[in-house]
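Engineer: Here is a sequence together with a model predicted from it:
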Amino acid sequence: MVLPEQRPGQALHLVVDSTALKVFGEGEWKVRKHGDSKRRTWRKMHLAMDAETGRICADLMTHHDVVDADVLSELLEQLPSDTPIGTIGGDGAYDAKQCHAAIAARDAQPPISAREGATPWPESTPGAPWPNEAIDVIARTGRREWKKSCGYHRRSLVENLMYRLKTLTGNRLWACEVGSQETEVAIRVGVLNRTAALARPQSVRIA
């Protein structure tokens, strides 16, 4: 677990996403040596980033077939319960009842895009007010205007993070054992957080 930086009086603005990392194991070595068609093995790296500092606050490695919506609550559990969270943004993969319930439990708002053809949930559903309002606003003003009004595009920051991850540390895991792979992921998170602390530009709008 990576504790978020403390900013007195400020709530975290988290953006979440995942990316696939290929496991370079025995099967891959056989492909290189013999040219055989072997089934690739993948892992999925899930990250929650503080949009204000660029720091990764939570990370999780899973098998490649685990969907993003199923692990959001586990990411949030890595943050102390008394850590204030303002927003938790993500793409349509997080537009699921378990995600909105987990976000509502942290008293946060979810600028998460409603899926195409989404219909309102019963009001008794935990976290239902936000997605129901989003569906209504999108129907009245269009998806583009909704994204601008709620700050949805901040999630592009975590997409940039995934690009830096693969540029700086590679797009594959070299460890063979799951425990070692988790350690490798933790090291990569540390590298990214260190580079963000040392070299992240501070942009200020002047016009």
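Structural biologist: Arrived safely.
Engineer: Next one: the residue nearest to residue 159 when sequence neighbours are not counted, what pLDDT does it get?
Structural biologist: Distances taken as C-beta to C-beta, 6 or more residues apart in numbering put residue 17 closest to residue 159, at 6.4 Å, once the chain neighbours are dropped. C-betas here are computed from N, CA, C, even on glycine. We note a pLDDT of 96 for residue 17 in this prediction.
Engineer: ok, what's across the strand from residue 17?
Structural biologist: Note on residue 17: beta-bridge partners by DSSP bridges are residue 47.
Engineer: What is the burial count for it?
Structural biologist: Neighbourhood size, residue 17 [other C-beta atoms under 10 Å]: 22.
Engineer: if I look at residue 126, how far off is residue 181?
Structural biologist: 33 Å (C-beta to C-beta, to the nearest Å).
Engineer: So for these two, which sits in the more crowded spot?
Structural biologist: More crowded of residue 126 and residue 181, by other C-beta under 10 Å: residue 181, with 18 against 14.
Engineer: Need the three-state assignment for that one.
Structural biologist: The three-state label given to residue 181 by DSSP: H, G, I helix; E, B strand; the rest coil is helix.
Engineer: And the helices in the chain, which stretches?
Structural biologist: In the chain, the helices defined using DSSP state H lie at 26-34, 72-77, 97-105, 129-141, 143-150, 156-169, 178-199.
Engineer: how distant is the fifth one from the center of its chain?
Structural biologist: If I follow you right, that is helix 143-150. 20 Å (C-alpha atoms, centre = their mean, to the nearest Å).
Engineer: Format the helices of the chain as CSV; extra columns: mean pLDDT and distance to residue 13.
Structural biologist: What follows is these, written out as CSV (pLDDT from 0 to 100; distance: least, C-beta to C-beta, whole Å):
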stretch, mean pLDDT, distance to residue 13
helix 26-34, 53, 38
helix 72-77, 96, 14
helix 97-105, 96, 13
helix 129-141, 93, 15
helix 143-150, 92, 12
helix 156-169, 92, 9
helix 178-199, 91, 15
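Engineer: Please convert the ones you listed to TSV, extending it with distance to residue 46.
Structural biologist: Listed next are the helices of the chain as TSV, based on distance: least, C-beta to C-beta, whole Å:
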stretch	distance to residue 46
helix 26-34	23
helix 72-77	6
helix 97-105	12
helix 129-141	21
helix 143-150	23
helix 156-169	10
helix 178-199	10
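Engineer: Which of those helices sits closest to residue 117?
Structural biologist: Of all the helices of the chain, it is helix 129-141 that lies closest to residue 117, at 10.0 Å by C-beta to C-beta.
Engineer: Who are the packing partners of the closest one?
Structural biologist: Applying 3 or more C-beta pairs under 8 Å, 6 or more residues apart in numbering; DSSP states H and E, one finds that helix 129-141 contacts helix 97-105, helix 143-150.
Engineer: Tell me the buried residues in the first one?
Structural biologist: To tie it back to what came earlier, the one meant is helix 97-105. Residues of helix 97-105 classed as buried: 99, 100, 102, 103, 104 (neighbour count, 16 or more other C-beta atoms under 10 Å).
Engineer: Can I get these in CSV including distance to residue 185?
Structural biologist: Below are the buried residues of helix 97-105 laid out as CSV (distance: C-beta to C-beta, whole Å):
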residue, distance to residue 185
99, 22
100, 27
102, 22
103, 24
104, 28
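Engineer: Done for today, thanks.
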